[in-house]
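Enquirer: below are the sequence and a predicted model for it; my questions follow.
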Amino acid sequence: MTTISQPDHATMPGVSTPAKSRDARRVRGLSDRTIAWLFVAPTIALLLAINIFPLIWMIRLSFTSLNLSMSYLPLRFVGLDNFRDILNDEDVWFRLQTTAQFVISSVALQVVVGFGLALLINRQFRGHSFWTTIILLPMMLSPAVVGNFWTLLLQPQIGPFNYLISLFTGVPPSSFSMTGQVSLAPWTIVLVDTWMWAPYVMLICLAGLRSIPDYIYEAAEVDRASAWRQFWSITLPMTVPFLMLAVLFRAIENFKMFDMVNLLTSGGPGSTTELVSISLKRAAFEKWRTGYSSALAIILFVTVFGAANIYVKTLNKVKQR
Amino acid sequence: MSGSVIAKSGVARWFRRGPWEAVAMSLIGGGIIMLVQPLSIDLYSYSFVTILAGTVGFVIVSHFPE
């Protein structure tokens, strides 16, 4: 008599019982999920240690009266007093206005220069790649380097910038100081920031210009639209989302600008170029008002975080185009 | 049952992401303008609360359905 045996599922390739797979997992030692967590854990630990922990610590300090020059005193909880002081302090209010003036002037100039450069670079001409690289160079430098070498360039006695100005205007080179005069210092930081970051705006605008399909221009040519008309009706409207992106990103970056301005003018002359980030540094490391400066840092953080939300929203809209 | 459907559609109609995100972004934008404007220190004093409300609101409403 012939007996028909049932096929053993466990021995068939690709078919396994739960008990068998459990055994296999035990043999391998670690599940895929555990291995994934092991790889990600150092990054998460580092992120927690250098980003999240200082933030939580700063939030805690912002509710205290800690002054590091008198750290022997016991830590006193003062509730929202630091926030109340800052939001009624006219000096901080003026510093925020100075920051806003700097942000508006430099972003406006960067958009105009960056968009102009993008229009030029978008045309194919001889040496096109070489000039693109040259234009992008300032953006690749560190702000500390830029601050230092512009300090040298702007020296009234030895710097070439004043000689260049005197060549065109006839004003003696040592008769004015770009970083030392109240009327010139704010424009100097705007000029240097524009020199450094207009190429970034140019890159974003270039991406916008290259995303416009050629057939739209061809249709405009057929309709005999002038170059000016094509610019106002096609180029500009289709680049506006990219311009918005550049404006938001540069505004956020300039709002927290510190290093370059600190090297160029240190907030001077007087407090003409004292941005809010420089006030924060002075409160924290010159006056040692740690609780107060932590509260100011929280205010700036929430402002930048809120603006970054709008930025991400705009970015997603641009991506969906 | 029909009552719960009506209630659900009412909730869905009110808690849509788009308009609430617009409100939250307006609060953030308005708060930033209040923070840096040179006209009134009272506006400056209430700017942080406005930005904070907008930012927290944005984080919450970004979890609403489309």
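Expert: Yep, that arrived.
Enquirer: distance of the residue nearest the centre of chain A from residue A:197?
Expert: Nearest to the mean C-alpha position of chain A, counting by CA atoms, centre = their mean, stands residue A:253 at 3.6 Å. Separation of residue A:253 from residue A:197 (CB to CB, to the nearest Å): 8 Å. Just so you know, the C-beta spots here come from the backbone N, C-alpha and C atoms, and that holds for glycine as well.
Enquirer: shaky segments in the stretch 1-150 of chain A?
Expert: For the stretch 1-150 of chain A, the stretches with pLDDT under 70 are A:1-28.
Enquirer: enumerate every residue touching the residue in it that chain B sits nearest to.
Expert: Going by CB to the nearest CB, chain B is nearest to residue A:100 of the stretch 1-150 of chain A, at 3.6 Å. When contacts are counted by CB atoms under 8 Å, 6 or more residues apart in numbering or on different chains, residue A:100 touches residue B:36.
Enquirer: ok, now which ones touch residue A:288?
Expert: Taking CB under 8 Å, 6+ apart as the criterion, residue A:288 is in contact with A:67-70.
Enquirer: distance of the residue nearest to the centre of chain A relative to residue A:105?
Expert: According to CB to CB, residue A:253 and residue A:105 sit 14 Å apart.
Enquirer: thinking again about what came up before, now name the helix or strand holding the residue of the stretch 1-150 of chain A closest to chain B.
Expert: For residue A:100, the host element (DSSP states H and E) is helix A:90-121.
Enquirer: give the buried residues for that helix.
Expert: Under the neighbour-count criterion of 16 or more other CB atoms under 10 Å in any protein chain shown, helix A:90-121 has A:92-93, A:95-103, A:105-107, A:109-111, A:113-115, A:117-119, A:121 buried.
Enquirer: next structured bit after it?
Expert: That would be, after helix A:90-121 and using DSSP H and E, helix A:128-140.
Enquirer: what angle separates the helix or strand just after that next one from helix A:128-140?
Expert: Toward the C-terminus, helix A:128-140 is succeeded by helix A:143-153 as the next helix or strand (DSSP H and E). Here helix A:143-153 runs at an angle of 100 degrees relative to helix A:128-140 (axes from the mean of the first three to the mean of the last three CA atoms, to 10 degrees).
Enquirer: helix A:143-153 packs against which elements?
Expert: helix A:185-210, helix A:259-264 (3 or more CB pairs under 8 Å, 6 or more residues apart in numbering or on different chains; DSSP states H and E).
Enquirer: look up phi and psi at residue A:66.
Expert: Backbone geometry at residue A:66, expressed as degrees, to the nearest 10, gives phi -60, psi 130.
Enquirer: my read is that it contacts residue A:77, right?
Expert: No. Using CB atoms under 8 Å, residue A:66 is not in contact with residue A:77; the gap is 10.3 Å.
Enquirer: next, the distance between the ends of stretch A:177-193.
Expert: Using CA to CA, to the nearest Å, the end-to-end distance of stretch A:177-193 comes to 18 Å.
Enquirer: contacts for it next, please.
Expert: With CB under 8 Å, 6+ apart, stretch A:177-193 has contacts from A:98, A:101-102, A:105-106, A:109-110, A:146-147, A:150-151, A:154, A:156, A:161-162, A:176, A:254, A:257, A:260-261, A:264-265, A:268-270, A:272-273.
Enquirer: now, of those, which are buried?
Expert: Those of the contacts of stretch A:177-193 that meet the buried threshold are A:98, A:101-102, A:105-106, A:109-110, A:146-147, A:150-151, A:154, A:156, A:161-162, A:176, A:254, A:257, A:260-261, A:264-265, A:269, A:272-273, by 16+ other CB under 10 Å.
Enquirer: sorry, back to before: which one's more surrounded, residue A:66 and residue A:77?
Expert: residue A:66 (23 against 10; other CB atoms under 10 Å in any protein chain shown).
Enquirer: tell me how far residue A:166 lies from chain B.
Expert: Computed as CB to the nearest CB, to the nearest Å, the residue A:166 to chain B distance reads 35 Å.
Enquirer: and the nearest residue to that residue once chain neighbours are set aside, what does it touch?
Expert: Using CB to CB, 6 or more residues apart in numbering or on different chains and skipping residues adjacent in sequence, the residue nearest residue A:166 is residue A:173, 4.5 Å away. By CB under 8 Å, 6+ apart, residue A:173 lies in contact with A:156-157, A:162-163, A:165-166.
Enquirer: close to chain B: what parts of the stretch 51-200 of chain A are there?
Expert: A:83, A:87-88, A:90, A:93, A:96-97, A:99-100 (CB under 8 Å from any CB of the partner chain).
Enquirer: want to throw those into CSV with distance to residue A:311?
Expert: Formatted as CSV, those follow (distance: CB to CB, whole Å):
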residue, distance to residue A:311
A:83, 25
A:87, 25
A:88, 30
A:90, 30
A:93, 25
A:96, 20
A:97, 22
A:99, 18
A:100, 17
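Enquirer: list just the nearest of those to residue A:142.
Expert: Minimum distance to residue A:142 across these is 21.8 Å, recorded for residue A:99 (CB to CB).
Enquirer: so that closest one makes contact with residue B:35?
Expert: No. With contact defined as CB under 8 Å, residue A:99 and residue B:35 do not form a contacting pair (9.5 Å).
Enquirer: that older thread, out of the contacts of residue A:288, which sit inside helices?
Expert: Judged by DSSP state H, helices contain none of the contacts of residue A:288.
Enquirer: list the contacts of the residue nearest to the spatial centre of chain B.
Expert: In chain B, the centroid-proximal residue (CA atoms, centre = their mean) is residue B:24; its distance is 2.7 Å. With contacts defined as CB under 8 Å, 6+ apart, the neighbours of residue B:24 are A:309, B:54-55, B:57-58, B:61.
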